[in-house]
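# pasting a predicted model and its sequence here:
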Protein chains: 2
Amino acid sequence: MVKIYALCVHLIYSGIVQRSREELKAIRETNPGLKPTLAIIQVIEEILRLNEDSRVHGIFLHLPQSFLSKSVRNAIKPQKDVMVKVTLVRGNLNIQNFLSCNSSLDAPLVGKMAVLLGLEGPLKVTLQFLLQNNGMMVQTRQWSSKHFDIEISRAQTPKPISQLAQEIGLLPEELEAYGNTKAKVHLSLLNRLQHQPNGKYVLVAGITPTPLGEGKSTVTIGLVQALSAHLKLNSFACLRQPSQGPTFGVKGGAAGGGYAQVIPMEEFNLHLTGDIHAITAANNLVAAAIDARILHEATQSDRALYSRLVPSVNGVRCFSPIQMARLQRLGINKSDPSDLTPEEIRAFVRLDLDPEKVTWQRVVDTNDRFLRKITVGQANTEKGHARQTQFDIAVASEIMAILALTDGLGDMRARLGRMVVGSSRNGQPITADDLGVTGALAVLMKDAIKPTLMQTLEGTPVFVHAGPFANIAHGNSSVLADKLALKLVGEEGYVVTEAGFGADIGMEKFFNIKCRTSGLTPDVVVLVATVRALKMHGGGPNVTAGVPLPKEYINENLQLVADGCSNLKKQIQITHLFGVPVIVALNVFKTDTQAEIDMVCRIAEASGASAAVQCHHWSRGGRGSVELAHAVKKVASQKNHFQFLYNLQDSIVEKIRTIAQKVYGADDIELSPEAQAKIDYYNQQGFSALPICMAKTHLSLSHMPEKKGVPTGFILPIRDIRASIGAGFIYPLVGTMSTMPGLPTRPCFYDIDLDPVTEEIKGLF
Amino acid sequence: MVKIYALCVHLIYSGIVQRSREELKAIRETNPGLKPTLAIIQVIEEILRLNEDSRVHGIFLHLPQSFLSKSVRNAIKPQKDVMVKVTLVRGNLNIQNFLSCNSSLDAPLVGKMAVLLGLEGPLKVTLQFLLQNNGMMVQTRQWSSKHFDIEISRAQTPKPISQLAQEIGLLPEELEAYGNTKAKVHLSLLNRLQHQPNGKYVLVAGITPTPLGEGKSTVTIGLVQALSAHLKLNSFACLRQPSQGPTFGVKGGAAGGGYAQVIPMEEFNLHLTGDIHAITAANNLVAAAIDARILHEATQSDRALYSRLVPSVNGVRCFSPIQMARLQRLGINKSDPSDLTPEEIRAFVRLDLDPEKVTWQRVVDTNDRFLRKITVGQANTEKGHARQTQFDIAVASEIMAILALTDGLGDMRARLGRMVVGSSRNGQPITADDLGVTGALAVLMKDAIKPTLMQTLEGTPVFVHAGPFANIAHGNSSVLADKLALKLVGEEGYVVTEAGFGADIGMEKFFNIKCRTSGLTPDVVVLVATVRALKMHGGGPNVTAGVPLPKEYINENLQLVADGCSNLKKQIQITHLFGVPVIVALNVFKTDTQAEIDMVCRIAEASGASAAVQCHHWSRGGRGSVELAHAVKKVASQKNHFQFLYNLQDSIVEKIRTIAQKVYGADDIELSPEAQAKIDYYNQQGFSALPICMAKTHLSLSHMPEKKGVPTGFILPIRDIRASIGAGFIYPLVGTMSTMPGLPTRPCFYDIDLDPVTEEIKGLF
């Protein structure tokens, strides 16, 4: 295979001013169309020369800021890649001064991709300097993406993922293809583009939904399709990876729909690149380690445990690094296994996990209701250590929440080690690190940490990464995918990410948990509403999955819409609590009338939305979301005043009360005795400064799913409180949360099949 | 990216004989070195012309057999790819006749890769004909592989998998990369190369091993390294994918070791390309469907079940295809849901699974001993339908055995549908098809069916595919990987595949189950022995994992070796039962003395081995196995008389007795009442003509692990009998088989870690 090498040429001022004034003057005279200073003319002259050199695939402009004029940029042939680095040069403009101003260059430039061709003198010297001392690249130009024609895209096969990657400026070595339609992206990109300014950050949230969902995913995809293919702005969608369980259960897949989809949809909905499987493997390794450890401690003396945990290998005994870490936590500052006292040995070998207080559950990515409560350890080999426990669906694993919140391998490894799996008989929290399993978990998750690149139906890029539960966890896609995307789109680009459930839950957690962790600040919120959901909030009959919609939802009913807009108004107000402007996106169904649509938009704007627009992405793809894209572009360019809703240093009770009152509209909260006891325990363990992740129904602003609109006058009951210490949040339980869906009598799988000859998949949606 | 196009030129006789005799005579006179007929001269002339055309990357010879002389083949420049298609032309050699003899051409030729360049007249016509009507390709030449120098390979990074794929003749569209070091290979290759003769088929088996294993995997890898890199013969290793459970438990990984390894070892030992995860997902979907169905049938009327299973969608009710299939099995020949009688509805909606007779187990790819016996369904939502069951390790799933035995998507789908998951209260077997889940299983397994390509430490190709348990299943890698590899190596090449456990189990199942299913016949067996295992069989002390070896195993002891060779001799005799020649490969350890080595080789040859050689692949890589490679080359070229040990039509009891007596050396078998009842049941259900897959300890030829050497005078007890109807075998249980390993007090994971900066993995082995 022939490889095409990109040649990056670095033009610096110093290489130019060394020419004589006479030479420069001559250049100016022979280029009458060029106005600016002589030095700039010479830069342009060099660019024009390089334009004609077919061996040169890209031009790296490294210039003092004053030189980066439009005429310089425009001189570069559209076929060439452009990379720009602006340097503020203090003092005289000479080469030494210029280079010394760049001592902070620390990102790898273009590494292996750079080939020195036809360079002489100072240019060559500086490029070599950059290669040796690292440089940086900034992506400023519009992607060269070939967008699909929406009319034919349904029949169109996705473009090769390597092509998409190239279009958006990924280097070949930053990509790991998984087949031809999906690829993992290396985190090294964050380092390479560390000095690149971020693009605009757009959150898609929703009003309180019906059980059918109101189309946040399709709005997200439609919006990036409109921004990319129609407004010609670089843009990226960041989505959650769906659980495979529901794909075969009731709900079906989560790839969007109509003309706003991620393709190939079956890859998106099935194994993808194995991240959820990796989480399952890591989660269940912890579970197996817990029960095996309880059994081994129960059946062995301290001495036997010690000799097994710290065995003599070829006559040498030593602690492994993870055992040394446990010794340090125990305050035992010894490194020779023969130096420990019997008491120290006992403290070291016995985690003394209380089987009644193991909080870690096994997981499986299948809707298996019979695993909701089980008894394990009933075989004779387990010697009577049976105990009751449960399986959760895989995406409910704390490891999924960690994947979504981590910012790199080191941080992920540390979080995995901090995960509390239960407590000892004397009340000490026991962690994954105590079990010795941290490194193995990191190894199992080493590929899952890389976001997966896919594409929309219109050929625009999508990251699919992480999909934590939106009740017992924070329900947002990964921080890493958002960070990578914000660099890739460039300063003028857009990253559209989605928060699960309604804005009262998903968006609140996006701001207070995800943004707090990532340090990113959102520019605008798109709040998705449907006439259907508004009618429900206005008093319409129940909406149930699998049952035909009552006539109120099919015929015009302006009164129901008007009344239901209370929920929309409240969700707008919630967004404003965080100081972020909000655009209402009305996801239009074919049964909606113009009067209904106009009413929603009017009320939304009257309620403080910066804009309210109708969206037709389902039937028209990106073209159906152009109005939304324009609104997003306009509002995102305005300055906002993002703020968190609470301080981490507030007490756990205060933080919960703030959310309950300000977001949900509760009068107050009420703690069960269990919840109060947990708060005392977390305070004592030093876990009180974590953010709060409410586990509440998404079907009402309150804890009562049947209360639609804007419920008032209620006290929010906190049944229990749990903690995900590795992920880094406390989660109060409001009501009962099912963490394991079931299969219905006729699951989706009845219609799913594969044609063995064409390999075409039927029945996935 | 620039694409290199291969140009395939099709030379046919007819295009040549149209020249006048005078012209041909002139060619002969101007090429005095060419002896054959004028037509052949002209073929060669054309080849020589194409040799000099740099746009032509390969030459497709499509000729009558008589024209395919050595001089024609040798005329082609080594740099050009060669594809040959031989046609037997009946009657006159003219173009119509020639083409009509090729009406069976049905494999895609080179499709998109072919570019017509500089062709005129009949040549162009015929190439176009082939492109339009499909052609076929045969690979006959030596691979252009760049083998790694063994001295530096430990430090060497693997070559890109796309490069390896290209070297061995895979087309780019036949490859699905998963990162840069592993890729799935499309099954379409089998179609493209369907007329290609197979290479030689080599099985690596072993004597009865110690619990430490005797190095079959390393012998396999060392042998292909020797064949490829040293004898310059195309060769492929086909290995089982290891379970991830043991990687973190006691045993560690299974990538081979020393200088005979699959790299990167951590990819091999971890998720690989997700096949085991796919199996887990498919297996557990069946399990969830079973319990949910039992619950739904127990809590709903026939009418309610029917209206849910066959719902009215937009006013229309219809059966799905999988429901139609069930109706047909029930003998109900109706297609309109409203036509069924109440009795027929009842028969259709009620599987009436007996919870006590569910044989399907859940699986997890973790050594989780507490899941060996569990009670599920204890939550209130499951309304008292709790039942006892178990998890097995994922590789024990019947779906893994199916993956290993299937020959394509259609066959896999059919086998998945046939899997029996339990029986109804009136004794009818209930299948995955009855549950409606077949299509979903096939969809979940659509990628897993493609073998994964990796490489050895010396850069030679390896297929990793399927890894069924070697006791309750047949313990061999996949039929599909072997078939693909046999085509890829070409007629002069070698495929080396490995059978689990000792030859009495793994090899017996390889012949009687795997070869019977695949239709492939082996050319030679390599029987791996170690001085260590022979000493154990000769009466040496127990060998236990994790405990230092007793001195008998470290110092020379010729008597123990001589006595222990009884086991070696017996395993040679077992191989001869199948009519296949055997080569003994003594895997030499550094403690073995020359006298011990010589003795084993002498006894082996005296016992009927075609050769007996020592192997040093661990310390020297392929170079250490050159002698073995030469022996394999010599013996594989001899004709053999392969035969099965029993006929499928023999009764179940006869088949079991044949294996027990002829292979294990038992006097007879003894059936428990349970076993006898199962035989009666299987006979009644029509399952009696399946092959037998004995579930017996691998640590002895008998059922008693402590009996070493060649036990005699014993009766083999058959405790119970089970059936994997989808995989297609009956498996008698001899003693208790654990299908879920446990974690030791100090699992491997204590030493496994990941450097967050370099991403280097430590502690996996």
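Received, thanks. Residues are numbered from 1 along each chain as shown, chains lettered A, B, ... in the order given.
# every contact and neighbour count from this point should use C-alpha atoms.
Fine.
# what about the stretch 51-200 of chain A, any weak spots by pLDDT?
In the predicted model, the stretch 51-200 of chain A carries pLDDT under 70 at residues A:53-74, A:77-142, A:144-156.
# for chain B, what are the nearby residues on it?
For the stretch 51-200 of chain A, the contact set with chain B under Cα under 8 Å from any Cα of the partner chain comprises A:175, A:176, A:177, A:178, A:179, A:180.
# can you put these in a markdown table and add secondary structure and neighbour count?
Listed next are these as a markdown table, based on DSSP: H, G, I helix; E, B strand; the rest coil; neighbours: other Cα atoms under 10 Å in any protein chain shown:
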| residue | secondary structure | neighbour count |
| --- | --- | --- |
| A:175 | strand | 24 |
| A:176 | strand | 23 |
| A:177 | strand | 25 |
| A:178 | strand | 24 |
| A:179 | coil | 18 |
| A:180 | coil | 18 |
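# closest one of the residues you listed to residue B:752?
Using Cα to Cα, the shortest approach to residue B:752 within these belongs to residue A:176, at 23.9 Å.
# could you pull up the contacting residues of the closest one?
By Cα atoms under 8 Å, 6 or more residues apart in numbering or on different chains, the residues touching residue A:176 are A:183, A:184, A:185, A:186, B:178, B:179, B:180.
# ok, the one residue in the stretch 651-765 of chain A that gets nearest to chain B to residue B:438 distance?
Across the stretch 651-765 of chain A, the shortest distance to chain B (Cα to the nearest Cα) belongs to residue A:753, at 3.8 Å. Relative to residue B:438, residue A:753 is positioned 8 Å away (Cα to Cα, to the nearest Å).
# tell me which of the two has more neighbours.
residue B:438 (30 against 24; other Cα atoms under 10 Å in any protein chain shown).
# leaving out chain neighbours, which residue sits closest to that one?
Closest residue to residue B:438 apart from its sequence neighbours, by Cα to Cα, 6 or more residues apart in numbering or on different chains: residue B:417 at 4.9 Å.
# how about residue A:433?
Spatial nearest neighbour of residue A:433, chain neighbours left out: residue A:417 (4.5 Å); criterion: Cα to Cα, 6+ apart.
# and for residue A:721?
residue A:732 (4.1 Å).
# contact partners of the helix or strand where that neighbour lies?
Following DSSP states H and E, one finds residue A:732 within strand A:729-733. By Cα under 8 Å, 6+ apart, the surrounding residues in contact with strand A:729-733 are A:472-473, A:513, A:675, A:690-696, A:718-724.
# so how far is it from its chain's centroid?
Strand A:729-733 sits 20 Å away from the centroid of its parent chain (Cα atoms, centre = their mean, to the nearest Å).
# and residue A:372, what's its pLDDT?
At residue A:372, the model reports a pLDDT of 96.
# from residue B:421, how far out is it?
22 Å.
# could you do residue A:415 as well?
Applying Cα to Cα to residue A:415 and residue B:421 gives a distance of 41 Å.
# grab the longest helix from chain A for me.
Identified as the longest helix of chain A according to DSSP state H is helix A:275-299.
# is any residue of it near chain B?
Yes: if you take Cα under 8 Å from any Cα as the test, helix A:275-299 does meet chain B, through A:277, A:278, A:281, A:284, A:285, A:287, A:288, A:289, A:291, A:292, A:293, A:296.
# give the contact list for the closest residue to residue A:448 other than its chain neighbours.
Excluding the flanking residues, the one nearest residue A:448 by Cα to Cα, 6+ apart is residue A:275, at 4.6 Å. Each residue near residue A:275 by Cα under 8 Å, 6+ apart is listed here: A:445, A:447, A:448, A:449, A:466.
# just checking, what packs against the host helix or strand of residue A:670?
According to DSSP H and E, residue A:670 maps onto strand A:668-671. For strand A:668-671, the packing partners by 3 or more Cα pairs under 8 Å, 6 or more residues apart in numbering or on different chains; DSSP states H and E come out as helix A:652-658, strand A:715-718.
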